[in-house]
Every structure is written in structure tokens, then in C-alpha cells.
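Engineer: After the sequence you'll find the predicted model.
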Amino acid sequence: MSDAPRAGRWVAGAALLLFVAGLSLRPMAESDLFFHLKAGQEIRARHALPRRNLYSFTYPDYPEIDTSWLAEVGGAAVYGWGGFGAVVAGKTAVLLVAFALLFRAALRGAGPPLATSALAAAAFVAGDRLVERPLVFSFAGEAMILLAIAPLRRQSGPRAWRTAGLVLVGVAVWANLHAGVFVAPLMLGAAALAA
């Protein structure tokens, strides 16, 4: 492989990530952030997940199932360390990882210009969802699954089991970051059907 194609991929990838960072590094407009930060602070203080709806005056005893507890704990820790600026920077870092993984997966079927254009368009359209909420972890989880599909299809033996184990661990972590994890088996099932 010559240096020119490699340099083209690096330039295209860097341009994409710069564009995503520009969309992500903006003033916060997400009102749910305060709920998630407070929930994370409560979990950290109590060392346990809440069992009832702490923030409702109409039905405070409603059973609570917190599907984003890990993101909330992490968000509260980041906020405690560096305030709202650190939360925005952390969200941006997660999105940059997600789009870097998506770019790598997209390069399997497209050249750098097409991969960059398609992912930049997707980021632009999703701009209202690039916010300080646990759902940004689902972008990274979806990217992880897309990146894992090809190795899962071509590997066999111990390597396949190791890749499947890593995917399973990633999905387990994702399940504690955001409820969007339900798409993982759908994506894997669709890939299996396509194979």
C-alpha cells in the first residue's frame, strides 16, 4: 500500500472528525442533562441504583429502572471534575470515537471521499441528537457492531470466539450506558440473514 492512499484516508478522516467536533462543541441546549447529572450524583453518593422515582412529585414511589446508570455516573464524575465544559468535551470525545469507528467501517465498502461525505451528511442530519445525553453512547455502540460484523463473518475457530466475546462485553457495557442497546441483536441478526 502506497503512502498516497494512506495519506488520503488520514486527511479525509481528520476532516470528518473536525466537522463532527464543530457540530458537537456548541453551547448546551439539553434540559435532560440536569436529570442525568443529578441521578449520577445520587448513585455515586448512595453506591446503589435508585429503586423509586426520586424526582417526581406526582408518583414518587413509581419503580425506577435506570437503563443509563453508567453514563449518569460517568457524567456526574466528569461534571464534578470540570463542570459543564468537561461534560461537553466528554460528549464530543465519545462522538469522535463513534465517527472514527464508523469511518473505519465505511472504508470497507467505499473510498475516503464517499465515506467522509456520507458520514458528514449523517452527522449534519443528526446534529440535534449530538447532545449531552446517554444516547451518544449508542452511536459508539452501533459503530462497534458495524465494525465487528466483517470479522465475525470471516473468522473461525478461536479468533471468532474471541471477537464474539469482545462484542458481547461491549454490548454488556453498552446496555448499562443507554437503552439503545436493543439494536445490537437486530444489527447482528440482519448481518447474519444477509450472510
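Structural biologist: Looks like it came in fine. Residues are numbered from 1 along each chain as shown.

Engineer: the longest helix in the protein is where?
Structural biologist: Assignment by DSSP state H gives helix 69-106 as the longest helix of the chain.

Engineer: Count the neighbours of the closest residue in space to residue 71 that isn't next to it in sequence for me.
Structural biologist: In space, and not counting its chain neighbours, residue 71 is closest to residue 134: 3.6 Å by Cβ to Cβ, 6 or more residues apart in numbering. Yep, even glycine has a C-beta here, placed from its N, CA and C like the rest. Counted with other Cβ atoms under 10 Å, the neighbours of residue 134 add up to 23.

Engineer: list the contacts for the nearest residue to residue 50 once chain neighbours are set aside?
Structural biologist: Using Cβ to Cβ, 6+ apart and skipping the chain neighbours, the partner closest in space to residue 50 is residue 64 (4.8 Å). Counting by Cβ atoms under 8 Å, 6 or more residues apart in numbering, residue 64 makes contact with 49-54.

Engineer: Could you identify the helix or strand that succeeds the longest helix of the chain?
Structural biologist: Sequence order places helix 112-125 as the next helix or strand after helix 69-106, per DSSP states H and E.

Engineer: ok, so what distance separates residue 27 from residue 73?
Structural biologist: Here the criterion is Cβ to Cβ, to the nearest Å. By it, residue 27 lies 25 Å from residue 73.

Engineer: Kindly apply the preceding question to residue 159 instead.
Structural biologist: From residue 159 across to residue 73, the span is 34 Å (Cβ to Cβ).

Engineer: Low-confidence bits of the chain, can you list those?
Structural biologist: 1-4 (pLDDT under 70).

Engineer: quick revisit: make sure the residue nearest to residue 71 is indeed in a strand.
Structural biologist: No: assigned with DSSP: H, G, I helix; E, B strand; the rest coil, residue 134 falls outside any strand and is coil.

Engineer: in terms of contact, does it touch residue 176 like I think?
Structural biologist: No: between residue 134 and residue 176 there is no contact under Cβ atoms under 8 Å: 9.7 Å.
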